[in-house]
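> any chance you can model this:
(chains A, B and C)
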Amino acid sequence: MAIRIEKSFRVQQPAERVWAFLSDPRRIVTCVPGAKITEQVDEHNYKGSISVKVGPSVTDYKGEVQILRSDPQAYEIEILGKGSDVRGRGSASVKMQGKLKALDAGHTEVTSISELNIVGILAQMGARVITEVSNIMFGQFTTNLATRLAEPAGPTESAAEAETKPLDAGSLAWQAAKGVFRRES
Amino acid sequence: MTIEKTTPEVGGMGHSLKRKEDSRFIQGKGNYVDDVHLPGMVYGQMVRSPYAHARLKSIDSEKARQLPGVLAVITGEDLAKANLAWMPTLFFDKQMVLATGKVLFQSQEVAFVVAEDQYTAADAAELVEVEYEELPVLVDPHKATAADAPILRDDRDEKSNHIFHWEVGDKGATETAFQSAPVKASVHAISQRCHPAPLETCGCVADFNKATEKLTVYLTSQAPHAHRTLFALVGGIPEQNIRVVSPDIGGGFGNKVPIYPGYVCAVVASLTLGRPVKWIETRSENLQSTGFARDYHMTAEIAADQNGKVKALRVKTLADHGAFNAAAQPTKFPAGLFSVCTGSYDFRSAFCEVDGVYTNKAPGGIAYRCSFRITEAAYLIERAMDVLANQLKMDPAELRRKNYIQPGQFPYKTALGWTYDSGNYEGALNKALEMVSYAQLRKEQEEKRKKGELMGIGISSFTEAVGAGPAHTFDIAGIKMFDSAEIRVHPTGKAICRMGTKSQGQGHETTYAQIVAQELGIPASDVVVEEGDTDTAPYGLGTYASRSTPTSGAATAMAARKIRDKAKKIAAHLLECSEADLEWQNGKFLVKGAPSKSKTIQEIAFAAYTNFPAGLEAGLEAVDYYDPPNLTFPFGTYICVVDIDKGTGEIRVRRFVAVDDCGNVINPMIVQGQIHGGLTEGFAIAFMQLIDYDESGNVQGGSFMDYLIPTAVETPHWETGSTCTPSPHHPFGAKGVGESPNVGSPAAFVNAVVDALSHLGVKHIDMPIAPWKVWTILKEKGVVN
Amino acid sequence: MAKKQTVHLKVNGVQREAEIEPRLLLVHFIREQLGLTGTHVGCDTSNCGACTVVLDGKTVKSCTVFAVQTDGGELLTVEGLMKDGKLHPLQEGFKQEHGLQCGFCTPGMLMSTYALLRKNAHPTEQDIRWGISGNLCRCTGYQNIVKAVQYAAGKLAEGGPQ
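Numbers count the residues shown, from 1 in each chain, chains lettered A, B, ... in the order given. Coordinates of the predicted model:
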């Protein structure tokens, strides 16, 4: 199941600060509940995991994050994340292209294009639900990002305190279901 | 052959007796497989593959085994030690019971967990850790034979996704006819993958008694004897020590004909543990892994003259069988009875070819009231005839009438080799046209078109072939397709019967009793009918493909007649006359010319145990194994009227008239009920059902959230009628009927929708025809803004 | 594993008590622990209605209720429809009008229509079709089920057992 998601949002932070955050997988991961980087293999490759809870069952995805391309001048980054469920429930991969644009008054516009591919039990829910769940996850991500960027503390300390509570896809799914009926443009 | 009706009290043929089996169901006292509870029973649960195509790297069941209450975790590797990791399918292929090496479709069985209770089994299944290595996926059957297609079946010698090529008919004569024909019409029609989804899912309780060495399997089986024999052959268990019991079954529709991995695992677990093992699949498992239906991609071409008289038919079909060829059909027919695709029409020549391929989808193909692929065939020819009618600007009813096989031509040998027993197609057509007030509807349609309103009328005039079948042509896994009945009359004149078929709602406990009532005059209420226990019922091939009345029904009549022959001897003894002096009337033998001298069947039954002539054995019973001389060919005409909402594309079935002819009818009320049910299934297939797979092989439509079953709200009101053209070869002139509505109706629905849009240039729309499809067409044609 | 809880409820007029896991679904409680197998499981997404029972006077899909939620309540299953050995007019109606074939959806249908007739003693055909829209049937096409309910409505109007 291949899904393409295009998002753009604004952060009230200068572009250099946003770039420093978004070009470091260890920092990005602090904005995604249930996710963590477990190892840095080399300059471009990391190993990580994410826990997703649907109802009473928790699915643990283990995989790799790879920085395919990073251009600090143009503020462009391309990241590939791949993982499969440790118990064999399925797999997912996401290729994300991110671009920052400095705006006036120390604001930054972030645009991202993600190609998400899901195989397994979750994919049976269909593109409708997956897209809605992805939208909600993205919303949570941007909220968390704004919070983290506003924190005065150093990025590495934040990473250590990162939440490892699993991502609750059950409530996400409920929100997704509601979202299908209530369109917010 | 006309049937002389008995009194309503006796309840023979033609009477709409209320059903005997209803009493337990309306009290909630049915006995379905999941209702079976045995002492010490434990529960099994499957672990399934999330991937459509992947190497199975490892299975770690340690955490699952450690969970308190878990008794076993069985994997393919374990089964391989007993040579059971693979099992034969019903059609010259094999399928994995539990995966070894790789998995071939999403939801394929990978491991079987056994625990003390269902919830623990579910918890344990979650703890089994499986490592996979994903492989490229093949879901488009058209790409199966491409050079770069991944080869799915490592286990086959031939490294190809092509399963079979089958052809029938006269290719040369058909070619010639096409070359010279002034008119040619063609249609490419997809009979989409769907699923019968009976309300009760599949399951079993396997109970091996270590002390007696007897294995009893309570099983959702439409063919208990065949399953017993297969368990014996494949499992190496002595057949006399296996008892298969199909108790009450909550709907079959072909879904409960194959043997599923869950059954085998439950049996293995029970043999190992010496305890009863229950395995009941969930709805999602049912939709995603058990026998699907259809997935035929078909092209039909008709060659005709300028007046619409058809000359030749050419058909080419691609069949998607999923990962294993598990189609349950007679061995000589890789495409089932698809070659009845010449339908109700007099084609001088025809040629039909079918190619089957493997894909990364659930295995199967034969199910959902299909009469072994006749649903696909009838849909195709009825669509093609409408396309031809549209091309020639002829009324579709008149085009059909012009081309029907005429009553005088029966028995009629079709260009593809079938011998139709009897038919009166125009009779059914005329009745349907009258019931629906056809001429008036066409006028209304004309008026509506002028106003820009969308209304359509669809006709389907189907012939189908049921009652498989004669031993010279029909066998399933080698077992010939006869069927059987055993009748035993008690001293007090009551009777008990057992048959080799197995009802899943068709009312056999009532209808077979009515046959006995008709033949012997014993009131149906005095006749008990049992099916499904292989320890007591005579061997039969089960109930599917509308075969029960044509085979076991016939056997019942023949067994009853054997009883009547013996009864005559006893009557002659009692009345002190010769058999030649006796005649049979209304349940008794009377002396010709002296009708007051008579003995009822009840008196004769008593005498069979108390006062029988010397040299004659006691008792009054008979068994008959019936080998039908031919299939039977029920037929009918269905007419559907639809109104389409221009703004939303929503289709409303305004009327649906169904005229069926199944020869002599046993119980009109039960036949009508079957028609209602089948039409509802046809409605679902035409408008809302699809099991689809995305490019990664993820199942879409794997639960009732997405796989739609019509509710009472959208199901139309069905108007039924009948004509009666008995089968000349059947003991009481009956034909089967259960599947006719599913065979005939999808084309009626689709023809109606296409007819509603034909003035806009629409020639065909593939099923399921959901409102968005119609809306898209209306937008393209500029009807909607 | 969560601690077991005690649940007290009246089932078909009889007071019952049991110690159960909080996650035990009502349908499993009914079928396995109470031994009342008339209520059936037909799906795993709350769509089919084969598990329909009447809880505190309202129909519920017992596959989507936890047994612990019924504490202090009153449950009516298909086994409780007969009174003094006499069939409820609905049960009679299903037999008279051939409203069942395989029988699997029948208990759920009976419970839904039982509740329907208590709310609306003179339902139209549309009322009946909407009333059973939460109950799937694969065999009958619903037409005779509608007739069965009309039969029962007629009998009840004449003054049959409620």
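> wait, what's in contact with B:Lys63?
B:Leu127, B:Val128, B:Glu129 (CB atoms under 8 Å, 6 or more residues apart in numbering or on different chains). Quick note: C-beta positions are derived from backbone N, CA and C, even for glycine.
> show me the contacts for the first one.
Translated: B:Leu127. Per CB under 8 Å, 6+ apart, neighbours of B:Leu127: A:Arg87, B:Ser61, B:Lys63, B:Ala64, B:Leu67.
> in terms of helices and strands, where is the third one?
B:Lys63 is part of helix B:62-66 when elements are defined by DSSP states H and E.
> what residues sit buried inside that helix?
Neighbour-count burial for helix B:62-66 flags B:Ala64 (criterion: 16 or more other CB atoms under 10 Å in any protein chain shown).
> what are the phi and psi values at residue 46?
No chain in the question, so chain A it is. The phi and psi values for A:Tyr46, taken as degrees, to the nearest 10, are phi -130, psi 160.
> which residues touch stretch C:146-155?
For stretch C:146-155, the surrounding residues in contact (CB under 8 Å, 6+ apart) are B:712, C:88-90, C:92-94, C:96-97, C:99, C:113, C:116-117, C:121-123, C:125, C:128-129, C:131-132.
> report the distance from that stretch to the chain centre.
Distance, stretch centre to chain centre, for stretch C:146-155: 17 Å (CA atoms, centre = their mean, to the nearest Å).
> repeat for stretch B:537-556
The chain centre lies 13 Å from the centre of stretch B:537-556; the measure is CA atoms, centre = their mean.
> also stretch B:348-358?
22 Å.
> list the buried residues of it.
Across stretch B:348-358, burial judged by 16+ other CB under 10 Å covers B:Arg348, B:Ser349, B:Ala350, B:Phe351, B:Cys352, B:Val354, B:Asp355, B:Gly356, B:Val357, B:Tyr358.
> return the residues in contact with the nearest residue to the fifth one once chain neighbours are set aside.
When you say that, I think you mean B:Cys352. Nearest residue to B:Cys352, sequence neighbours excluded (CB to CB, 6 or more residues apart in numbering or on different chains): B:Val315, at 4.3 Å. By CB under 8 Å, 6+ apart, B:Val315 lies in contact with B:Met298, B:Thr299, B:Ala300, B:Glu301, B:Cys341, B:Ala350, B:Phe351, B:Cys352, B:Glu353, B:Leu380.
> now, the contacts of B:Lys63 that are in strands?
Members of those lying in strands (criterion: DSSP state E): B:Glu129.
> which parts of chain B belong to which domain?
B:22-30+B:483-626, B:33-135+B:201-249+B:256-289, B:292-405+B:420-468+B:630-780 (automatic domain parsing).
> go through those and name the closest to A:Ser8.
With CB to CB as the criterion, A:Ser8 lies closest to domain B:292-405+B:420-468+B:630-780 of the domains of chain B, at 27.3 Å.
> from the chain's centre, how far out does that closest one sit?
The answer for domain B:292-405+B:420-468+B:630-780 is 15 Å, by CA atoms, centre = their mean.
> end to end, how far does that domain reach?
34 Å (CA to CA, to the nearest Å).
> phi and psi next, for B:Leu271.
In terms of degrees, to the nearest 10, the main-chain angles of B:Leu271 are phi -60, psi -40.
> kindly report the same for B:Phe687.
According to degrees, to the nearest 10, B:Phe687 has phi -120, psi -20.
> any buried residues in the strand ranked longest in chain A, and which?
Using DSSP E, we find that the single longest strand of chain A is strand A:57-71. For strand A:57-71, the neighbour count (16+ other CB under 10 Å) marks A:Val58, A:Thr59, A:Asp60, A:Tyr61, A:Gly63, A:Val65, A:Gln66, A:Ile67, A:Ser70 as buried.
> I figured B:Arg65 was touching B:Ile74, is that so?
No - B:Arg65 is beyond contact range of B:Ile74, at 11.1 Å (criterion: CB atoms under 8 Å).
> can you tell me the average pLDDT over stretch B:548-563?
Stretch B:548-563 comes out with an average pLDDT of 98.
> list the buried ones in that stretch?
In terms of neighbour count (16+ other CB under 10 Å), stretch B:548-563 has its buried residues at B:548-560, B:563.
> which of the contacts of B:Val315 sits closest to chain A?
Using CB to the nearest CB, B:Met298 comes nearest to chain A of those, at 27.7 Å.
> tell me the contacts of the residue lying closest to the closest one once chain neighbours are set aside?
Using CB to CB, 6+ apart and skipping the chain neighbours, the partner closest in space to B:Met298 is B:Thr317 (4.5 Å). Contact analysis of B:Thr317 by CB under 8 Å, 6+ apart lists B:Tyr296, B:His297, B:Met298, B:Thr299, B:Ala335, B:Phe338, B:Cys352, B:Glu353, B:Val354, B:Asp355, B:Glu376.
> hang on, B:Thr317 in a strand?
Yes - the assignment for B:Thr317 (DSSP: H, G, I helix; E, B strand; the rest coil) places it in a strand.
> per-residue pLDDT, it?
For B:Thr317, pLDDT reads 98.
> cool, and A:Pro14?
90.
> was I right about it contacting A:Ala102?
Yes - if you go by CB under 8 Å, A:Pro14 and A:Ala102 touch, sitting 7.2 Å apart.
> now do the shared contacts for those two.
Shared contacts of A:Pro14 and A:Ala102, counting by CB under 8 Å, 6+ apart, come down to A:Thr108.
> buried residues in the longest helix anywhere in chain C?
Determined from DSSP state H, the single longest helix within chain C is helix C:143-158. Buried positions in helix C:143-158, judged by neighbour count with 16+ other CB under 10 Å: C:143-153, C:155-156.
> residue in chain B nearest to chain C?
As assessed by CB to the nearest CB, chain C sits closest to B:Gly28 within chain B, at 2.1 Å.
> torsion angles phi and psi at that residue?
Backbone torsions of B:Gly28, given as degrees, to the nearest 10, read phi 70, psi 30.
> that one: neighbouring residues, count only.
Neighbours of B:Gly28 under the rule other CB atoms under 10 Å in any protein chain shown: 25.
> spatially nearest residue to it, not counting backbone neighbours?
What sits nearest to B:Gly28 in space, not counting adjacent residues and going by CB to CB, 6+ apart, is C:Gly38, at 2.1 Å.
> tally of neighbours for B:Leu380?
Residues lying near B:Leu380 (other CB under 10 Å) number 27.
> equivalent analysis for C:Gly85, please.
Residues lying near C:Gly85 (other CB under 10 Å) number 5.
> quick one on the thing from earlier: just the closest of the contacts of B:Lys63 to chain A, please.
Taking CB to the nearest CB as the measure, chain A lies nearest B:Glu129 of the contacts of B:Lys63, at 4.7 Å.
> mind listing what the closest residue to the closest one other than its chain neighbours touches?
Take B:Glu129 and drop its neighbours on the chain: the residue closest to it by CB to CB, 6+ apart is B:Asp60, 4.2 Å away. The contact partners of B:Asp60, taken as CB under 8 Å, 6+ apart, are B:Val128, B:Glu129, B:Val130, B:Glu131.
> tally of neighbours for residue 45?
As the question left the chain open, I've gone with chain A. By the measure other CB under 10 Å, the count of residues near A:Asn45 is 14.
> think we crossed wires, I meant chain C
Going by other CB under 10 Å, the residues that sit close to C:Thr45 add up to 15.
> perfect, that will be all.
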